[in-house]
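*Asks:* Model the structure of this input:
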Amino acid sequence: MSAPDRLIPSRDDERVFAEPWQAQAFALVLELHGRGAFTWTEWAAALSDEIRAAGPDDDGSRYYDHLLATIERLAVKKRLTAEQELADRRAAWAQAYRNTPHGRPVELGAEPLP
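*Replies:* Below you'll find the predicted structure:
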């Protein structure tokens, strides 16, 4: 069993992730690791650095924000994407959620609200 396999949470009696995007973010880490983008040791060190940089007042509630920041940082470092591509994608998602009617799924390329 590899390190990621031991870390996949499984509890029948409670939700493991507070939000679906958290599960998707964790799945992305596992997928990138599985494709050889980084070793598990490299991932753990990068995530630890990100959490440590948040400072002593970080109460742990932003864990998945740190996880996403770590994915982005490693993706740029490993040349899987460029910083500008990430900035463009963030801007596209922000535009999409601003233009999506309440209760509808957010999709990139959403038309502006009337």
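*Asks:* can you give me the strands for the chain?
*Replies:* Ranges of strands in the chain, per DSSP state E: none exist.
*Asks:* Not counting its neighbours along the chain, what's nearest the residue nearest to the spatial centre of it?
*Replies:* Note on the chain: the residue nearest the mean C-alpha position is Leu68, at 3.1 Å, using Cα atoms, centre = their mean. Spatially, and ignoring its direct neighbours in sequence, Leu68 is nearest to Ala25 (5.6 Å; Cβ to Cβ, 6 or more residues apart in numbering). Where you see a C-beta, it was placed from the backbone N, CA and C, and this is true even at glycine.
*Asks:* May I ask which helix or strand of this protein has the lowest mean pLDDT?
*Replies:* Least confident helix or strand, the chain: helix 3-7 with a mean of 50, by mean pLDDT, DSSP states H and E.
*Asks:* follow-up on the earlier one: the residue nearest to Leu68 contacts His66, doesn't it?
*Replies:* No: assessed by Cβ atoms under 8 Å, Ala25 is found out of contact with His66, at 10.3 Å.
*Asks:* Which of those two has more residues huddled nearby?
*Replies:* His66 (20 against 17; other Cβ atoms under 10 Å).
*Asks:* Tell me the pLDDT of that one.
*Replies:* Turning to His66, the model gives it a pLDDT of 96.
*Asks:* now Gly60
*Replies:* pLDDT, Gly60: 88.
*Asks:* Share the number of residues neighbouring it, please.
*Replies:* For Gly60, using other Cβ under 10 Å, the count is 8.
*Asks:* any idea how far it lies from Ala54?
*Replies:* As judged by Cβ to Cβ, to the nearest Å, Gly60 and Ala54 stand 10 Å apart.
*Asks:* Quick one: residues contacting Val76.
*Replies:* Ala82, Glu83, Leu86 (Cβ atoms under 8 Å, 6 or more residues apart in numbering).
*Asks:* most neighbours, which of those?
*Replies:* Going by other Cβ under 10 Å, Leu86 tops those with 15 neighbours.
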